[in-house]
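1. Quick one, what's the 3D model for this:
(chains A and B)
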Number of protein chains: 2
Amino acid sequence: MPSEFALIRNYLTGLGASRDDVLVDSGDDCALVQVPAGASLALTMDTLVAGVHFFADVDPYTLGHKALAVNLSDLAAMGAEPAWVTLALTLPNDDQSWLAAFAAGFANLANAHGVRLIGGDTTQGPLSITIQAHGLIPADQHPLCRHGAQPGDLIVVSGTLGDAALALRQLLAQQIPDPWLRQRLEQPTPRIALGQALRPLASAAIDLSDGLVSDLGHLLTASGCGAEINLARLPLSAAVAAEISTSNDWQLPLAGGDDYELCFTVPPEHAGRLESLAAQLGCQLTVIGTVDESKTLRGRDLDGELITLPGGYEHFVASGSQPGARCSTTTLV
Amino acid sequence: MPSEFALIRNYLTGLGASRDDVLVDSGDDCALVQVPAGASLALTMDTLVAGVHFFADVDPYTLGHKALAVNLSDLAAMGAEPAWVTLALTLPNDDQSWLAAFAAGFANLANAHGVRLIGGDTTQGPLSITIQAHGLIPADQHPLCRHGAQPGDLIVVSGTLGDAALALRQLLAQQIPDPWLRQRLEQPTPRIALGQALRPLASAAIDLSDGLVSDLGHLLTASGCGAEINLARLPLSAAVAAEISTSNDWQLPLAGGDDYELCFTVPPEHAGRLESLAAQLGCQLTVIGTVDESKTLRGRDLDGELITLPGGYEHFVASGSQPGARCSTTTLV
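-> Numbers count the residues shown, from 1 in each chain, chains lettered A, B, ... in the order given. The predicted model follows:
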């Protein structure tokens, strides 16, 4: 390890919020934290590799944001309150300005959610970022799992779908996306407050990282159910709606990844609480379909005709007879 | 993510011991665990990059062992009881036999310490392994930190020093190390039982990953002390002793990395307990020097003459006026 990496570490030490429950911070063999009595601890880990998950020349500020956001999104999907994160950063060189910008983007989102960076590792090698996020679920609360959906439950998604995929498509075509659209790709918003509000309300939840059909498929597989979704109900931004009106290609909202919205199921008796929750959180919530007893995920187009769903459908069908057995195709947690 | 990576995940899901405190295992957005009331949670994360931390063609069984061992060693240095681990594995391809061997080496060590793999991420890219280990320190116990050493405390190390560095030196010279020596490099033994036994005994502890002088330097810096060590007392295997008798080069035990032994300080009134502890654990424990009020780390050679210590000494002196400020040169935790 080159000694200049000690300088790099200065950018990362102590990032994020101060927390009284951190007993030993960065700088010892381990960090040490205190978990409240009775609370359960939620853990999630995601790796982003340059050239695979992001363009190597992406703005490091947005990369710092996104690397943390995708992990906080997993905590949100579990209904957990974010607490501490660790960061393993592998860097090809000691570009100080890159590090400063990465740290600033990371810290800005960490501070917004009261999260502290309590440790990790810095190594030299091909650019890669692994973050583990730790969240708490209070003693008297239930986590949101993937396996609780029941026939008759409503399927709800937050925000709008396909924006990140449209921004990526434009960047790959050497076009410059609208700033709002680009932000949807590069600085996704983890739905932390929504996840916690859903604990007493939702029967199952997942975050949308791989695309609606794939991720909803995981939820349904884990729950041993099927569902029907209605394309006319999918929440679309003006940009994605315009793209579809031209191409009639529904890949973006159905199979586009990187949305980091929540997809969850709600028993019909709780449906009346969705509107006030949406208003309270300032977050669009849209019912897009209903869970049923089938083992298939089906879609109806704008004419009410059944269509073949792209992205993950066949995988889901293939594993439908083994609920839960293959419910994670992109991460172990 | 290629679909064949789903197969890879089969090798990793559910590795290690069964634990009743795992509420949600691999396969949801997060894993969920229960921390005993009052216990504190120790967290440590280390990354191993191919070509930097290990030879890319190393036996994957030993790599699986070592990647976990270096993290368990950090838990040992904190006096924590290992509980759960997460694994972020970045692989260039889906070599199933490589994965099976890696998983077997990982699982063998995990089972030996009652540890469960509860999640992580599998991605495609340059070979790299990030592991986070989670350990528990019971409510009525104190963690072992780096900062508690006091003048007069004895400095103790476990095992023998420099074996891994000698094995590495031989491999780099295209020689084949003795199997025992090679195992010291490729399959280090985390001193888990020793770490826990030291909680009521040691004033400070660190694990030896970067070499004795460097790591003892971190401990002393964090404690605001100095020390004198005696080369004649360093515990050496026959192989390292033979090498030194030929070369009179003390780099191996003083600055060789990858020992993963514990270095700790013990108040003199507890010194009498070291021998019975060593016998009880079947682990060599050797007093190599004494903490003092200086801000320097000094060595005496076999003739009792003061010598310049290699590896990290100047770094330690340079930061001696800022105790704790730079006490971690290789990891944030």
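2. what ranges do the helices span in the stretch 101-250 of chain A?
-> Assigned by DSSP state H, counting those that start in this stretch, the stretch 101-250 of chain A shows helices spanning A:163-172, A:179-186, A:192-198, A:212-223, A:238-247.
3. Next one: the first one, is it in contact with chain B?
-> No. For helix A:163-172, no contact with chain B is found by CB under 8 Å from any CB of the partner chain; the gap never falls below 15.2 Å. For the C-beta atoms, the positions are set from N, CA and C on the backbone; glycine is no exception.
4. tell me the angle that helix makes with helix A:238-247.
-> 70 degrees (axes from the mean of the first three to the mean of the last three CA atoms, to 10 degrees).
5. which of the helices of the stretch 101-250 of chain A sits most buried?
-> Mean neighbours per residue, mean count of other CB atoms under 10 Å in any protein chain shown, is largest over the helices of the stretch 101-250 of chain A for helix A:212-223, with a mean of 27.
6. What helices and strands are in contact with that helix?
-> Helix A:212-223 sits against strand A:204-207, strand A:226-230, helix A:251-255, strand A:262-266, strand A:297-300, helix A:313-318, with contacts defined as 3 or more CB pairs under 8 Å, 6 or more residues apart in numbering or on different chains; DSSP states H and E.
7. As a markdown table, the helices of the stretch 101-250 of chain A with mean pLDDT and distance to B:Asp303 would be great.
-> Shown next, in a markdown table, are the helices of the stretch 101-250 of chain A (pLDDT from 0 to 100; distance: least, CB to CB, whole Å):
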| stretch | mean pLDDT | distance to B:Asp303 |
| --- | --- | --- |
| helix A:163-172 | 96 | 68 |
| helix A:179-186 | 97 | 64 |
| helix A:192-198 | 98 | 64 |
| helix A:212-223 | 95 | 69 |
| helix A:238-247 | 96 | 78 |
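8. Determine which of the ones you listed approaches B:Gln187 most closely.
-> Among the helices of the stretch 101-250 of chain A, the nearest to B:Gln187 by CB to CB is helix A:212-223 (36.8 Å).
9. Identify the bridge partners of the residue of the stretch 101-250 of chain A found nearest chain B.
-> Residue of the stretch 101-250 of chain A nearest chain B, by CB to the nearest CB: A:Gly119 (2.9 Å). For A:Gly119, the beta-bridge partners under DSSP bridges are A:Thr86.
10. Helix or strand: which one has A:His93?
-> In this structure residue A:93 is Asn, not His. Using DSSP states H and E, A:Asn93 is not contained in any helix or strand.
11. what about it, neighbour count?
-> Using other CB atoms under 10 Å in any protein chain shown, A:Asn93 has 13 neighbouring residues.
12. can you pull the pLDDT of it?
-> Confidence at A:Asn93, expressed as pLDDT, is 88.
13. same deal with A:Ala318?
-> Per-residue pLDDT puts A:Ala318 at 30.
14. likewise A:Thr123?
-> Predicted confidence (pLDDT) for A:Thr123: 89.
15. Show the contacting residues for it.
-> Neighbour list for A:Thr123: A:Met1, A:Ala88, A:Leu89, A:Thr90, A:Leu91, B:Thr47, B:Val49, B:Val52, B:His53 [criterion: CB atoms under 8 Å, 6 or more residues apart in numbering or on different chains].
16. rerun at 7 Å
-> Contact analysis of A:Thr123 by CB atoms under 7 Å, 6 or more residues apart in numbering or on different chains lists A:Thr90, B:Thr47, B:Val49, B:Val52.
17. Save the residues you listed as a markdown table, and put in distance to B:Thr290 and neighbour count too.
-> What follows is the contacts of A:Thr123, written out as a markdown table (distance: CB to CB, whole Å; neighbours: other CB atoms under 10 Å in any protein chain shown):
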| residue | distance to B:Thr290 | neighbour count |
| --- | --- | --- |
| A:Thr90 | 39 | 25 |
| B:Thr47 | 35 | 25 |
| B:Val49 | 38 | 20 |
| B:Val52 | 36 | 15 |
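18. Which of those residues fall within strands?
-> Among these, DSSP state E puts A:Thr90, B:Thr47, B:Val49 in strands.
19. Quick check: the last one touching A:Gly125?
-> Yes. With contact defined as CB atoms under 7 Å, B:Val49 and A:Gly125 form a contacting pair (3.7 Å).
20. Residues that sit against both of the two, list them.
-> Jointly contacting B:Val49 and A:Gly125 under the rule CB under 7 Å, 6+ apart are A:Thr90, B:Ser128.
21. that older thread, so which of the contacts of A:Thr123 is the closest to A:Pro138?
-> Comparing the contacts of A:Thr123 against A:Pro138 with CB to CB places B:Thr47 closest, at 32.5 Å.
22. For that closest one, list each beta-bridge partner.
-> For B:Thr47, the beta-bridge partners under DSSP bridges are B:Thr130.
23. dump the residue contacts of it.
-> Listed by CB under 7 Å, 6+ apart, the contact partners of B:Thr47 are A:Ala88, A:Thr90, A:Asp121, A:Thr123, B:Ser128, B:Ile129, B:Thr130.
24. Over to A:Glu186?
-> Residues counted as contacts of A:Glu186 (CB under 7 Å, 6+ apart) are A:Val58, A:Thr62, A:Lys66.
25. Scan those and report the most crowded one.
-> Going by other CB under 10 Å, A:Lys66 tops those with 25 neighbours.
26. Assign it to helix, strand or coil.
-> Per DSSP: H, G, I helix; E, B strand; the rest coil, the local secondary structure of A:Lys66 is helix.
27. near chain B at all, the host helix or strand of A:Leu23?
-> Assigned by DSSP H and E, A:Leu23 falls within strand A:22-24. Yes. Applying CB under 7 Å from any CB of the partner chain, one finds strand A:22-24 touching chain B at A:Leu23, A:Val24.
28. That strand - what's its average pLDDT?
-> pLDDT averaged over strand A:22-24 gives 94.
29. For that strand, which outside residues touch it?
-> Contacts of strand A:22-24 (CB under 7 Å, 6+ apart): A:Ala31, A:Leu32, A:Val33, A:Gln34, A:Trp84, A:Arg116, A:Ile118, B:Ser40, B:Pro143, B:Cys145.
30. ok, now which ones touch the second one?
-> To tie it back to what came earlier, the one meant is A:Leu32. Taking CB under 7 Å, 6+ apart, we find A:Leu32 in contact with A:Leu23, A:Val24, B:Ser40, B:Leu41, B:Ala42, B:Pro143.
31. The third one bridge partners, please.
-> Yep, that's B:Ser40 we're talking about. Under the criterion used (DSSP bridges), B:Ser40 bridges to A:Gln34, B:Ile137.
32. isn't it right next to A:Gln34, touching?
-> Yes. At 5.4 Å, B:Ser40 and A:Gln34 qualify as touching, with contact defined as CB under 7 Å.
33. Which of these two has more residues huddled nearby?
-> The neighbour comparison of B:Ser40 against A:Gln34 (other CB under 10 Å) goes to B:Ser40, with 24 against 15.
34. before we move on, back to that, strands paired with the strand holding A:Leu23, and their directions?
-> Within its sheet, strand A:22-24 is paired with strand A:31-34 (antiparallel), according to DSSP bridges.
35. So which residues on the stretch 101-250 of chain A come close to chain B?
-> Neighbours of chain B within the stretch 101-250 of chain A, by CB under 7 Å from any CB: A:118-126, A:128, A:130, A:132, A:143, A:145-146, A:206-207.
36. thinking again about what came up before, could you dump the contacts of B:Thr47 to JSON lines with distance to A:Asp153?
-> Shown next, in JSON lines, are those (distance: CB to CB, whole Å):
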{"residue": "A:Ala88", "distance to A:Asp153": "38"}
{"residue": "A:Thr90", "distance to A:Asp153": "42"}
{"residue": "A:Asp121", "distance to A:Asp153": "42"}
{"residue": "A:Thr123", "distance to A:Asp153": "45"}
{"residue": "B:Ser128", "distance to A:Asp153": "40"}
{"residue": "B:Ile129", "distance to A:Asp153": "40"}
{"residue": "B:Thr130", "distance to A:Asp153": "37"}
